[in-house]
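Asks: Sequence isn't available, so here's the structure alone:
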């Protein structure tokens, strides 16, 4: 289990980024970024990281929690919802400097309120609020060894939940019933929550990559896509398997083999230094050469950590550069309207320039087909 406080190394890396960006400080509002830098897991609050200080502003509900979890941060109490009662104190000493804010996460109405408070300060005390994109997210993309261990623990629990479901699942179970069996198993064994709403989709319904489970029964011979994940100690897993109850037909085996071939090819060939687009094209070209290029319409993968979707992105137009320490999903798929879909997903960590697969859940070729 990760210790509560992330220590000084992450803040030091952020300060180096602030230096490169010409910023005096960064105002952090995104929850996963707050947790990453401070250890604070509460649902409300702001961090202020400058070159010399670290501050956390939160309200009465979280004073004690913040004091315990974010011990390296000085606490700025927030009383009420009026920014003028606490924001000047949080920004104290930064007059004339550039203070970044997380433009992708701060609501426009909130930004307007903050701007009004800053404009009301004496001129010498006013910082300049500067929009930033993905400053902390870029740091989070490269995991520390303890983070990879935490992700592996979540993956292991997800693998066990999938194995449990395979032992029990039978024709007639509804998609909702199967999804709940997965969630129940994970929660009873320490999972904090699911990483996302579990997907169980059978037959033609599985042709939608983000289908949701229904009260419809699962039937023999049809593809069943199961996409699931668990959050454990704050870190997420993400796993997709496609199965058949009973004997699979020739079309299923053909489509499955193409998707599996695309995934194995990508895992084998993806290397540090590639862009997310280059990695994606390894699988896309494999599927296209098999005649199903138009049936693979989403990206090959995404980073996973404190959030189930984070940097890097493996997909068309992605300029994210892959590096050691990154953890990403590899999840090609083929989706045929009226028939169904096949998607296979594993998490993998980049180590020594290559991907090491973290997931161990069985795939179809390990389930003893005829």
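Replies: Here it is on my side, so go on. Quick caveat, the model's predicted, so the values are computed rather than measured.
Asks: ok, and for stretch 263-280, which residues are buried?
Replies: Neighbour counts over stretch 263-280 (16 or more other CB atoms under 10 Å) mark 263-267, 270, 272, 274-280 as buried. The C-beta positions use only the backbone N, C-alpha and C, and glycine is treated the same way.
Asks: hang on, I meant stretch 168-183
Replies: Neighbour-count burial for stretch 168-183, counted by 16+ other CB under 10 Å, picks out 169, 173, 174, 175, 177, 178, 179, 181, 182, 183.
Asks: and the residue lying closest to the third one once chain neighbours are set aside, what does it touch?
Replies: This means residue 174. Excluding its sequence neighbours, the residue lying closest to residue 174 (CB to CB, 6 or more residues apart in numbering) is residue 215, at 5.1 Å. Residue 215 makes contact with 174, 175, 176, according to CB atoms under 8 Å, 6 or more residues apart in numbering.
Asks: could you redo the last one with a cut-off of 10 Å?
Replies: 174, 175, 176, 177 (CB atoms under 10 Å, 6 or more residues apart in numbering).
Asks: With residue 124 as the reference, measure out to residue 93.
Replies: Counting by CB to CB, to the nearest Å, the gap from residue 93 to residue 124 is 11 Å.
Asks: What of residue 227?
Replies: Between residue 227 and residue 124 the computed distance is 54 Å (CB to CB).
Asks: swap in residue 290?
Replies: 66 Å.
Asks: More neighbours: these two, which one.
Replies: Remark: of residue 290 and residue 124, residue 290 carries more neighbours, 18 against 7, as counted by other CB atoms under 10 Å.
Asks: Model confidence at that one, what's the number?
Replies: pLDDT for residue 290: 98.
Asks: can you check residue 364 too?
Replies: On pLDDT, residue 364 comes in at 76.
Asks: contacting residues for it?
Replies: With contact set as CB under 10 Å, 6+ apart, residue 364 has these partners: 241-244, 248, 252-253, 256-257, 259-260, 342, 344.
Asks: nearest to residue 315, of the contacts of residue 215?
Replies: Proximity of the contacts of residue 215 to residue 315 (CB to CB) peaks at residue 175, which lies at 27.3 Å.
Asks: The closest one contacts residue 197, doesn't it?
Replies: No. Counting by CB atoms under 10 Å, residue 175 does not reach residue 197; the two are 11.9 Å apart.
Asks: which residues do those two both contact?
Replies: 212, 213.
Asks: where does residue 240 fall, phi/psi-wise?
Replies: phi -130, psi 130 (degrees, to the nearest 10).
Asks: now swap in residue 25 and tell me
Replies: phi -160, psi 170.
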